[in-house]
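J.: Quick one, fold the following:
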Amino acid sequence: MRMFKRILVPADGSDHSCRAVEYAADLAKTFSAEMIILYVVDDTTAKTDVVAANSKDEVDKKRKEKLAPVTELIERTGVAYNTRVIHGEPGPAIVKFANDGKYDCLVVGSRGLNRLQTMVLGSVSHKVVKRANMPVLIVK
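T.: Numbering: from 1, shown residues only. Sure, this is the predicted structure:
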């Protein structure tokens, strides 16, 4: 049986990403693994956050609020986790981060917050599955 010690979970606070986090937390408990929650800030979100905020601290606070459902969920499980925030287009940014790191598994929700982008450009989860160099679990 393959062991998972480091599990990467891209999350944006959506229902789909929360379900992915729940699955990943179960895996993490089973294998005594560490979870890394990855939040990708795309250009549009970054610009909106900066324009709406008065300071970098306020931007950080708003991003933490977006991830609050995810972090609260994990904290209830007692699983060890770290959160990383990166910038870029979600699909390629997740793939690059995952492939550059030493992760045993990537758990991703089937949809994020932006349904229009999903319909027009293809889903982030689809892009991740095609390009990630590790097992990927897609949670519906």
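J.: can you map out the strands along this protein?
T.: Counting by DSSP state E, the chain has strands at residues 6-10, 34-41, 81-87, 105-109, 136-139.
J.: So for stretch 25-33, what gets flagged as buried?
T.: Neighbour counts over stretch 25-33 (16 or more other Cβ atoms under 10 Å) mark Ala25, Leu27, Ala28, Phe31, Ala33 as buried. (C-beta placed from N, C-alpha, C; glycine too.)
J.: Now for those residues: which two are most distant?
T.: Within the buried residues of stretch 25-33, Ala25 and Phe31 form the most distant pair, 11.3 Å apart (Cβ to Cβ).
J.: picking up where we left off before, can you tell which of the strands of the chain is closest to His126?
T.: strand 136-139 (8.7 Å).
J.: tell me the contacts of Met35?
T.: Ile7, Leu8, Val9, Val21, Ala24, Ala25, Ala28, Ile74, Val79, Ala80, Tyr81, Asn82 (Cβ atoms under 8 Å, 6 or more residues apart in numbering).
J.: what's the closest non-adjacent residue to it?
T.: Distances taken as Cβ to Cβ, 6 or more residues apart in numbering place Tyr81 nearest to Met35, at 4.1 Å, with adjacent residues excluded.
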